[in-house]
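**Student:** okay, sequence plus prediction incoming.
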Amino acid sequence: MMIRGADIVVRSLIAEQAEIIFGYPGGAIMPVYDALYDYHEQIKHVLTRHEQGAIHAAQGYARVSGKVGVCLATSGPGATNLITGLADAQIDSTPLVCITGQVAAHLLGTDAFQETDVVGISMPATKWNIQVQRVEDIAAAIARGFFIARSGRPGPVLIDITKNAQTDFGEYNYVPCLGFRSYKTYEPVEVSKIQEAADLINKAERPYVLFGQGVVLGKAEAELKFFLDKTGIPAASTLLGSGALSQDHPNYVGKLGMHGNYAPNLLTNQCDVLIAVGMRFDDRVTGDLKRYAKQAKVIHLELDPAEVNKNVKAHVAVVGDCKESLSMLTSAVEGKKHESWMARFRELEQEEKSTVVQPDIMPTKAGLTMGEVIHQINQYKADDAVLVTDVGQHQMIAWRYFNYKKPRTQVTSGGLGTMGFALPAALGAQLHDYSRQVVCVVGDGGIQMTIQELGTIMQTKAPVKIVLLNNNYLGMVRQWQQMFFDKRYSFTELDNPEFIKIAEAYNIKSQKVSDRADLKEAIEDMFIHDGPFFLEVVVEKEDNVFPMIATGCSVEEVRLS
Amino acid sequence: MKRYTIFVITENFIGILNRITIIFTRRGINIDALTASESRLSGIHRITIEVTANEDTVIQLVNQIEKIVDVIKAFYHEDEGVVYQEIALYKIPVSRLDGGLEKVIRQHNAKIIAAEPEFVVLELTGHKEQTQELLEILKGYGLLEFARSGRVAVAKRMLTIESFIK
Ligand SMILES: Cc1ncc(C[n+]2csc(CCOP(=O)(O)OP(=O)(O)O)c2C)c(N)n1
Ligand SMILES: [Mg+2]
């Protein structure tokens, strides 16, 4: 049977088991929107208030569900509004399929109304992209797009479909993509490498595991746990790795990077074997590379061969799926305990607790701290509550103090550091599962970048718990100005609106807290409330995030103040 | 820094060259020369890229190129690992064609491949050092135009495209 190209688009999405589309209509995508009208029982569509909101929502959805996030936008400005999200998904390996409308094929290249070279613009920000000009090519492009987005190291895909292809009629016959010759999803693990790695680990006196989002993407959380149970090796998490291992696990020693924990950073330069699992040695983790773990033999378990030896040379590179390599490695290593080495971590942890953590989460000074807010959230949150954060001081503080217990509970913009990410991403995460707690921690700067998505939260009734940590500053930039630019606060102070009135205008229940005495109850109310909730907490204006590894410093130069 | 030849075996899809070159642009690395042609197998293209860089960088470039979904295989060699040639064309005014120039042509094994009323075109195939040497000489003969191709190269290693696509 011949059907319209636009129907082929929607049926193909349904065939890929997409359950929700985040999008925004416009001229060049109208045929697809028209088709959606007929399929609303099989596939849901959420109208965001901006295409950036749509793509971040799709990212939030993808991160918590492990499925491909789907996004729909029109040509020209609709498509260019997706670019930030594409770049974000590309660097954070988030599987997305974005479909954009394009002017009719005969108008391409003529500067037609709302024509933009979207394939050209999005090329460096996608894992793969393609323009489809003929109805008969639509289904195959979508099939390939889903396969590419979700397989191997996941990433965003963009499919640009000209209007004529959407309105022409063609045969619909959906054939899922199972692979093609130019694309290797991943390499099989080499057994000899496992043996080499096991030999190093067995001989090690101070081995140390660093784990990243690769563990989550590879669904290797259990394998990581078994490996750690058997080997007794201390393990620290990257920003996006948080949640891959419960923080209650006895081997868990904390978080890595610029604002991570004291011991995990400092002791990186004291271990003798460094085992990196599904992480890419980002500069925010390593600090100065020339002084990073030079004493250690490095074992790198990594899916993407391009990440091996990119920043840190691996003595043993175990390329392949870490779910496979971790379980092979667990069988190959000897059971051990590393008590005195572990004790080093605990000692330094105590130091951080007394000098940083205690004053952060149980402050005695007058002003509220971001840390105490997160600490209170921990008291009420469920084990599988998702924490979605924006970018800035609140992001680092929320990450530091949130008690991660389950996989896929951490949603933040890691590699790109995109302000404005949190609110729409939280919406997307919530729409995957209305019954799961989703807490959105956001700054007064970042929330204003995508605040319009309160409208989408209102319309979908997504029960997101929004916690605005208001310091009336672009706090993270202000901190750098204080520390490295002689306190010259150049354009970082904000005159803010009465945020809760905005929330009220959107019919979202809200509360503002400025006194410590009201905090606990407000958070309790927020969690009890059935529906979205907007909690503004006015926090100390000029607090800083510590520990910190300043730019250009080595991990062992991590500062507590 | 050294001269390397990067080979890319790829599907012949629209935009593939763009995807490859932005990997160089991103790092601010200049491509010395680039040629693209169909391979022995129809539908599969080969791209030869000449670049001056250090080996670590070249390895990363190759890894990132190979990561492109439509690229079948990417690898690199130093000059010793490849057999390569470049073709150069030189346009000289007829008025300068004399015994001296004819001697130069013979000495360099160049060929006259076109003769028009106003100019002749010389062709020399070889390595850049050779075509460059002739270029310097011909500048003294009123050289009107010069063009040199990118490197056309085959690897010495005995591997076939079939082994990459199995
Ligand atoms: C889109 C974007 N623009 C600029 C930045 C640079 N930046 C990083 S953190 C930050 C301040 C964020 O302020 P706020 O949202 O209030 O959070 P706070 O640091 O105060 O918690 C800025 C401007 C960014 N990360 N993203
Ligand atoms: Mg702020």
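**Tutor:** Nice, thanks for sending it over. Numbering: from 1, shown residues only, chains lettered A, B, ... in the order given. Ligands and ions are numbered 1, 2, ... in the order given.

**Student:** residue A:52 touches residue A:84, doesn't it?
**Tutor:** Yes. Counting by C-beta atoms under 8 Å, residue A:52 does reach residue A:84; the two are 5.8 Å apart. For glycine as for every other residue, the C-beta is placed from the backbone atoms N, C-alpha and C.

**Student:** comparing the two, which shows the higher neighbour count?
**Tutor:** Neighbour totals were compared for residue A:52 and residue A:84, and residue A:52 leads with 26 against 21 (other C-beta atoms under 10 Å in any protein chain shown).

**Student:** please report how far the closest residue to the more buried one other than its chain neighbours lies from residue A:49.
**Tutor:** Nearest residue to residue A:52, sequence neighbours excluded (C-beta to C-beta, 6 or more residues apart in numbering or on different chains): residue A:81, at 5.3 Å. Computed as C-beta to C-beta, to the nearest Å, the residue A:81 to residue A:49 distance reads 11 Å.

**Student:** picking up where we left off before, what is in contact with residue A:52 and residue A:84 at once?
**Tutor:** By the contact definition C-beta atoms under 8 Å, 6 or more residues apart in numbering or on different chains, residue A:52 and residue A:84 are jointly contacted by residue A:420.

**Student:** residue B:152: neighbour count?
**Tutor:** Using other C-beta under 10 Å as the criterion, residue B:152 is surrounded by 16 other residues.

**Student:** close to ligand 2: what parts of chain A are there?
**Tutor:** For chain A, the residues in contact with ligand 2 under the definition C-beta under 5 Å from the ion are A:443, A:444, A:445, A:471, A:473, A:475.

**Student:** which residues does the fourth one contact?
**Tutor:** Just to be clear, that refers to residue A:471. A:370, A:393, A:443, A:444, A:539, A:540, A:541, A:542, A:543.

**Student:** are any of the residues you listed buried, and if so which?
**Tutor:** Buried residues within these, counting neighbours by 16 or more other C-beta atoms under 10 Å in any protein chain shown: A:370, A:393, A:443, A:444, A:539, A:543.

**Student:** just the closest of those to residue A:286, please.
**Tutor:** Of all the buried ones among the contacts of residue A:471, residue A:393 has the smallest distance to residue A:286: 21.6 Å, by C-beta to C-beta.

**Student:** so the closest one makes contact with residue A:370?
**Tutor:** Yes. Taking C-beta under 8 Å as the definition, residue A:393 is a contact partner of residue A:370 at 6.6 Å.

**Student:** overlap in contacts of these two?
**Tutor:** A:469, A:471, A:543.

**Student:** so which of the residues you listed are in strands?
**Tutor:** If you go by DSSP state E, these have residue A:469 in strands.

**Student:** could you verify that residue A:208 is part of a strand?
**Tutor:** Yes. Looking at residue A:208 with DSSP: H, G, I helix; E, B strand; the rest coil, it is inside a strand.

**Student:** count the residues that sit near the closest residue to it other than its chain neighbours.
**Tutor:** Nearest in space to residue A:208, with sequence neighbours left out and distances taken as C-beta to C-beta, 6+ apart, is residue A:271 at 3.7 Å. By other C-beta under 10 Å, 24 other residues sit near residue A:271.

**Student:** quick check: the residue of chain B nearest ligand 2.
**Tutor:** residue B:26 (31.7 Å; C-beta to the ion).
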